[in-house]
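Chemist: pasting the structure only:
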């Protein structure tokens, strides 16, 4: 195992030991804080597929994060009020089943990513960044003007959704669900990076012309990566909404997109555990410095500036040295 592999193992050990210690010490807040970090890490892993493997700098991934959140909120709210969804030629019953909600969130965010990506990927560079940002802001203002589901005030869910055989209101059990999903997505991401598709996508990021000469379409490769990325981010949005039992238009905001990108940059772009480390650092700074000052983002900005200037591979790149991403 190389140095990056050992760092990844240490991060995993921390994600296991910290909540177990908090559970033994009867500190549910620490468990909830770790759960939030794991959920945000999942969103970062989703973006890292598009950004790290595909070289797609998207400032609109909050769109998929919000779609996943609203998929949870809408289904759970209708189950909560026993009121079927009438906005279709057929009735859609609400549900409080997590697996069903996750499936709906993944499909909805995947379809949105397909539509947004099909248009956005016809451009590149700063135009791609601005188009993805525009789509995210369109959905943000749509959510604000959607009074049926809270509008600007958002939508509260009074009881957490259920998972078969588990008490999801128990913080350690809910964390176990989130941690298992994060592990599964990390495993799939590692396999994806080493698959023929991942290698072709990486080649398209480096030289699209060379990929075209061997008969592959860079556009299709990037679109597929964008859709997979959006689906994972949508799943994270559903989990985030379930964690807070609340969904609001801020999940669609450009600030949310920026934060997800910060997770990836802090930990290391194209590094398998980069978004995990970035999300953990972000939550630690928010928790430790947020109580000292309302302007703790200044310190986050300074850290991000140092990372960009002196550690282009992020924290993992700085500690592990140069190496192959996704080791």
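Modeler: Cool, the structure landed. Treat the numbers as computed from the prediction; the structure is a model and nothing was measured. Numbers count the residues shown, from 1 in each chain.
Chemist: excluding chain neighbours, give the residue nearest to residue 65 in space.
Modeler: When the adjacent residues along the chain are set aside, residue 65 lies closest to residue 237, with 3.9 Å between them (CB to CB, 6 or more residues apart in numbering). No exception for glycine: its C-beta is placed from N, CA and C like everyone else's.
Chemist: surely that neighbour and residue 63 touch.
Modeler: No: judged on CB atoms under 8 Å, residue 237 makes no contact with residue 63 at a distance of 9.6 Å.
Chemist: tell me, how many residues neighbour residue 183?
Modeler: Residue 183 has 13 neighbouring residues, counting by other CB atoms under 10 Å.
Chemist: check the gap between it and residue 176 for me.
Modeler: 11 Å (CB to CB, to the nearest Å).
Chemist: repeat that for residue 140.
Modeler: Distance from residue 140 to residue 176, by CB to CB: 32 Å.
Chemist: tell me the secondary structure at residue 188.
Modeler: Residue 188 carries the three-state label helix when classified by DSSP: H, G, I helix; E, B strand; the rest coil.
Chemist: pull the number of nearby residues for it.
Modeler: Neighbours around residue 188, by other CB under 10 Å: 15.
Chemist: one step back: looks to me like the residue nearest to residue 65 is in a strand.
Modeler: No: looking at residue 237 with three-state DSSP, it is helix, so not inside a strand.
Chemist: the more surrounded of residue 140 and residue 176?
Modeler: residue 140 (22 against 16).
Chemist: C-terminal to the host helix or strand of that one, what's the next element?
Modeler: Using DSSP states H and E, residue 140 falls within helix 126-144. In the C-terminal direction, the helix or strand that comes right after helix 126-144 (DSSP H and E) is strand 155-156.
Chemist: ok, residues contacting that next one?
Modeler: Under the criterion CB atoms under 8 Å, 6 or more residues apart in numbering, residues 70, 73-74, 77, 149-150, 245-248 lie in contact with strand 155-156.
Chemist: please flag which of these sit within strands.
Modeler: 246-247 (DSSP state E).
Chemist: where does the prediction get shaky in the stretch 1-150 of the chain?
Modeler: By pLDDT under 70, the weakly predicted segments of the stretch 1-150 of the chain are 84-92.
Chemist: can you do 80?
Modeler: 1, 81-93 (pLDDT under 80).
Chemist: could you list the buried residues of the helix holding residue 140?
Modeler: Residues 128-129, 131-137, 139-140, 143-144 are the ones in helix 126-144 that count as buried (16 or more other CB atoms under 10 Å).
Chemist: now, which of those sits nearest residue 94?
Modeler: Closest to residue 94 out of the buried residues of helix 126-144 is residue 143 (18.5 Å), distances taken as CB to CB.
Chemist: which residue packs closest to the closest one, ignoring adjacent ones?
Modeler: Per CB to CB, 6+ apart, closest to residue 143 is residue 249, 3.8 Å.
Chemist: also residue 4?
Modeler: residue 320 (3.8 Å).
Chemist: I'd assumed residue 1 was in contact with that neighbour.
Modeler: No: taking CB under 8 Å as the definition, residue 320 is not a contact partner of residue 1, at 11.3 Å.
Chemist: the more surrounded of the two?
Modeler: Per other CB under 10 Å, whichever of residue 320 and residue 1 has more neighbours is residue 320, with 21 against 9.
Chemist: and that one, how far is that from residue 281?
Modeler: Distance of residue 320 to residue 281, computed by CB to CB: 16 Å.
Chemist: what about residue 304, how many neighbours?
Modeler: For residue 304, the neighbour count with other CB under 10 Å is 16.
Chemist: wasn't it part of a strand?
Modeler: No: applying three-state DSSP, one finds residue 304 to be helix, outside a strand.
Chemist: and which of the contacts of strand 155-156 is nearest residue 215?
Modeler: Distances from residue 215 to those, taken by CB to CB, are shortest for residue 70, at 40.1 Å.
Chemist: the helix or strand hosting residue 199 packs against which elements?
Modeler: Taking DSSP H and E as the definition, residue 199 sits inside helix 196-206. Applying 3 or more CB pairs under 8 Å, 6 or more residues apart in numbering; DSSP states H and E, we find helix 196-206 packed against helix 208-213, helix 218-244.
Chemist: list of residues touching that helix?
Modeler: So helix 196-206 is contacted by 53-55, 192-193, 210-211, 216, 218, 221-222, 224-225 (CB under 8 Å, 6+ apart).
Chemist: cool, thanks, signing off.
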